[in-house]
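Novice: Attaching a predicted model along with its sequence, questions to come.
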Amino acid sequence: MPPTVFILDFGAQYSQLIARRTRELGVYCEIVPFDVAWSALAARNPAALILSGGPESTLVPDAPDLDPAILNSGVPILGICYGMQLLARRLGAQLVKLDHAEYGPAILTTEHPEDPFWDDVAHESRVWMSHGDSVVKLPDGFIELGATPRCNVAAMGDRARKIYGVQFHPEVSHTDAGTKILANFLHGIAGLDASWRMENVVDSLIDEIRAKVGTDKVICALSGGVDSAVAATLVARAIGEQLTCVFVDHGLLRKGEAESVLAAFRDVLHLNVVAVDARKRFLDKLVGVEDPERKRIIIGHEFIAVFEEEAAKIPGVKYLVQGTLYPDVIESKTPQSKAGHKIKSHHNVGGLPEKMNFALIEPLRSLFKDEVRALGRVLGLPEHIVQRQPFPGPGLAVRIIGDITEERLEIVRNADAIVREEIDNALELQPHPWQYFAVLTPVRSVGVMGDGRTYANLVAVRAITSEDGMTADWARLPHHLLETISTRIVNEVQGVNRVAYDITSKPPATVEWE
Ligand code: XMP
């Protein structure tokens, strides 16, 4: 295992961001619950600890607390917001509740610029605050390292014990010197190298897979998405021919996608792939189905049925590869974040059921999405797979509103190819939309082409900006680009005489129309 920083999560919305920033600085880290026992941490030999922020006040009864043994462990600690207040209280300082909580930007003025915590940090810079309590008296051994106009102790530190605290959020991009401050803590104070890079970790990931699998056989479902492609390639590097990949062509992929994905898997990555042409089978099951949720369920069941049949043809398979990522692992450990109503039955190849009786190999379960992409590049995956935009498991079925037929699939496929080509080529777009596609609506309208009246389909174009698909805004595409897309669709796609642009954010709409 690489030297590991543990982030104690006090319920902050920013814990994952702290983890991503730490890893961007080349230091491996994991998020753990705030009440983890020191003995459990000690067994993992932590290189440093970061205490996250959190929604509570340390002044309320039963406020989330940490195992006090952690404070005497000698391991370098950085407390952020709630984490700093907890450090302060536990080490004997005094806190007060502010009359007015402080949220948003503030100017930090540093003190003791000679402290390594402030290496290359300007004397004054913008920081992001979000707190209702404040430290008013420092714990023994600490010095005050900075203040904002409304917060006298915005940073504190005990250089001898390597324990530091900041009231602001260094992990958010609004804190100008945030990354530098985290780097100073990790590299300067905790003495950690910036050595956690995909180039360096690929070998140990491969070794782990080899050790786990031994001489057993492994199966993997490929979708064309980046997660399953990287997971499969990694496993293939580890165990070669012992891995069989199954690629199910359900006929709901985009134009040319099945061919290009398969070619990449076979010819570039040299994976051992069984391709199943299940197009007719899926279409037969979908005939006459209009309800979005039923479409999703039918496709999910059918996918599993096809996969099970293929798996049964390979005797002695013991393991199934899943492309589970770190955010899924974290979220499944914090059930409250899963609360709420089900909006859509999401499914993808990572969700094959447990009843299949395979042991799981999840080689990406410690990685964030951008790290999976970086790993894909190290493994030599083609850019069109590494950069593939998110695409729903049920594919074009959820982009055809109403009945799915071969003819309607052809329309949405052709319109979608134009949307993608035009936006892919618009390199000047800032930011580049996160996802963009065409939707075939059930609406027909009157038009005129040449001298004739037409009564044909309405296609909607959707392009969004987003960080993670959880929330999204519609992309402000330039009018000339929308014009080109519209003209091309109407001229080149048979059966379409009108194009609309979707100007709804998420919420209240979702990204996909179904
Ligand atoms: P929605 O439509 O829920 O989409 O706002 C959010 C993101 O998830 C993608 N999506 C799916 N991904 N299986 C998947 O793997 C699915 O069933 C599925 N449905 C939606 C969608 O494309 C967007 O990026």
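Specialist: Noted; the coordinates are in hand.
Novice: Pull out the CA atoms of stretch 240-247 and give them to me as PDB.
Specialist: Only the C-alpha atoms of stretch 240-247 are listed here, as PDB (Å, rounded to 0.1, in the frame of the first residue of the first chain):
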ATOM      1  CA  GLY A 240      -4.500 -12.600 -19.900                       C
ATOM      2  CA  GLU A 241      -6.500 -15.400 -21.400                       C
ATOM      3  CA  GLN A 242      -8.100 -16.300 -18.100                       C
ATOM      4  CA  LEU A 243     -10.400 -13.300 -18.700                       C
ATOM      5  CA  THR A 244     -13.400 -13.500 -21.100                       C
ATOM      6  CA  CYS A 245     -15.200 -10.300 -21.900                       C
ATOM      7  CA  VAL A 246     -18.800 -10.300 -23.100                       C
ATOM      8  CA  PHE A 247     -20.000  -7.400 -25.200                       C
END
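Novice: Give the buried residues for that stretch.
Specialist: By neighbour count on 16 or more other C-beta atoms under 10 Å, the buried set for stretch 240-247 is Q242, L243, T244, C245, V246, F247. Heads up, the C-betas are built off the backbone N, CA and C, glycines and all.
Novice: lowest average confidence, helix or strand, in this structure?
Specialist: In the chain, no helix or strand scores lower on mean pLDDT, DSSP states H and E than helix 326-333, which sits at a mean of 82.
Novice: Take the buried residues of stretch 240-247 and lay them out in JSON lines including distance to I70.
Specialist: Converted to JSON lines, those look like this (distance: C-beta to C-beta, whole Å):
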{"residue": "Q242", "distance to I70": "43"}
{"residue": "L243", "distance to I70": "42"}
{"residue": "T244", "distance to I70": "46"}
{"residue": "C245", "distance to I70": "44"}
{"residue": "V246", "distance to I70": "46"}
{"residue": "F247", "distance to I70": "48"}
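Novice: need these in TSV with pLDDT, can you?
Specialist: Formatted as TSV, the buried residues of stretch 240-247 follow (pLDDT from 0 to 100):
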residue	pLDDT
Q242	97
L243	98
T244	98
C245	98
V246	97
F247	97
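Novice: need the next SSE after the least confident helix or strand of the chain, C-terminal direction.
Specialist: Using DSSP states H and E, the helix or strand that follows helix 326-333 towards the C-terminus is strand 359-361.
Novice: Could you give the backbone dihedrals for G452?
Specialist: phi -110, psi 150 (degrees, to the nearest 10).
Novice: hmm, back to that, of all the buried residues of stretch 240-247, which comes closest to the ligand?
Specialist: Of all the buried residues of stretch 240-247, F247 has the smallest distance to the ligand: 16.0 Å, by C-beta to the nearest ligand atom.
Novice: How much space separates the closest one from I423?
Specialist: Going from F247 to I423 by C-beta to C-beta, to the nearest Å gives 27 Å.
Novice: got it, and T109?
Specialist: 45 Å.
Novice: Ok, D119 next?
Specialist: From D119 to I423 the distance is 42 Å (C-beta to C-beta).
Novice: The two - which one has more neighbours?
Specialist: Taking other C-beta atoms under 10 Å, D119 and I423 do not tie; I423 has more neighbours (22 against 15).
Novice: Can you tell me the element the more buried one falls in?
Specialist: Assigned by DSSP H and E, I423 belongs to helix 406-425.
Novice: Please see if that helix touches the ligand.
Specialist: No - applying C-beta under 6 Å from any ligand atom, one finds helix 406-425 separated from the ligand by no less than 12.6 Å.
Novice: buried stuff in that helix?
Specialist: Those would be 408-409, 411-420, 422-423, for helix 406-425 by 16+ other C-beta under 10 Å.
Novice: same check, this time on stretch 214-234
Specialist: Residues of stretch 214-234 classed as buried by neighbour count (16+ other C-beta under 10 Å): 217-234.
Novice: how long is that stretch end to end?
Specialist: One end of stretch 214-234 sits 15 Å from the other (C-alpha to C-alpha, to the nearest Å).
Novice: what does stretch 343-361 give?
Specialist: Stretch 343-361 has an end-to-end distance of 29 Å (C-alpha to C-alpha).
Novice: got a list of contacts for it?
Specialist: With contact meaning C-beta atoms under 8 Å, 6 or more residues apart in numbering, stretch 343-361 is reached by 209, 212-213, 218-219, 221-223, 225, 227-228, 235, 292-293, 296-297, 299-300, 303-304, 307-308, 311, 317-324, 328, 392-394, 510, 512, 514.
Novice: out of these, who's near the ligand?
Specialist: Okay, of the contacts of stretch 343-361 touching the ligand (C-beta under 6 Å from any ligand atom), that's P392, G393, P394, T510, E512.
Novice: Can you flag the buried ones in those?
Specialist: Among those, the ones that count as buried by 16+ other C-beta under 10 Å are P392, G393, P394, E512.
Novice: How many residues are close by the residue lying closest to the last one once chain neighbours are set aside?
Specialist: In space, not counting the residues next to it along the chain, E512 is nearest to V398; the distance is 4.9 Å by C-beta to C-beta, 6 or more residues apart in numbering. V398 is surrounded by 21 other residues when neighbours are defined as other C-beta under 10 Å.
Novice: ditto for K255
Specialist: By the criterion of other C-beta under 10 Å, K255 has 18 neighbours.
Novice: So what are the structural domains in this protein, by residue number?
Specialist: The chain breaks down by automatic domain parsing into domains covering 4-189, 198-386, 399-501.
Novice: mean pLDDT for these: which is lowest?
Specialist: Among the domains of the chain, domain 198-386 carries the lowest mean pLDDT, a mean of 91.
Novice: Quick one: end-to-end length of that one, please.
Specialist: End-to-end distance for domain 198-386: 14 Å, by C-alpha to C-alpha.
Novice: Stretch 88-101 too?
Specialist: Stretch 88-101 has its terminal residues 18 Å apart, counting by C-alpha to C-alpha.
Novice: Please settle this for me: is G447 part of a strand?
Specialist: Yes - looking at G447 with DSSP: H, G, I helix; E, B strand; the rest coil, it is inside a strand.
Novice: Report the contact partners of the closest residue to it other than its chain neighbours.
Specialist: With sequence-adjacent residues excluded and distances taken as C-beta to C-beta, 6+ apart, G447 is closest to N497, at 3.5 Å. When contacts are counted by C-beta under 8 Å, 6+ apart, N497 touches S445, G447, M449, T454, Y455, A456, N457, V490.
Novice: Let me see the backbone angles for N497.
Specialist: Main-chain dihedrals, N497, degrees, to the nearest 10: phi -130, psi 10.
Novice: swap in P507?
Specialist: Phi and psi for P507, reported as degrees, to the nearest 10, are phi -70, psi 170.
Novice: So it sits against A472, correct?
Specialist: No - counting by C-beta atoms under 8 Å, P507 sits too far from A472 to count as a contact (9.0 Å).
Novice: For G165, give its distance to E241.
Specialist: Distance from G165 to E241, by C-beta to C-beta: 54 Å.
Novice: For the protein, list the residues in contact with the ligand, please.
Specialist: Close to the ligand, as judged by C-beta under 6 Å from any ligand atom, the chain has residues 344, 346-348, 390, 392-394, 435, 469, 506, 510-512.
Novice: could you dump the contacts of N497 to CSV with neighbour count?
Specialist: Shown next, in CSV, are the contacts of N497 (neighbours: other C-beta atoms under 10 Å):
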residue, neighbour count
S445, 13
G447, 15
M449, 11
T454, 17
Y455, 9
A456, 18
N457, 22
V490, 18
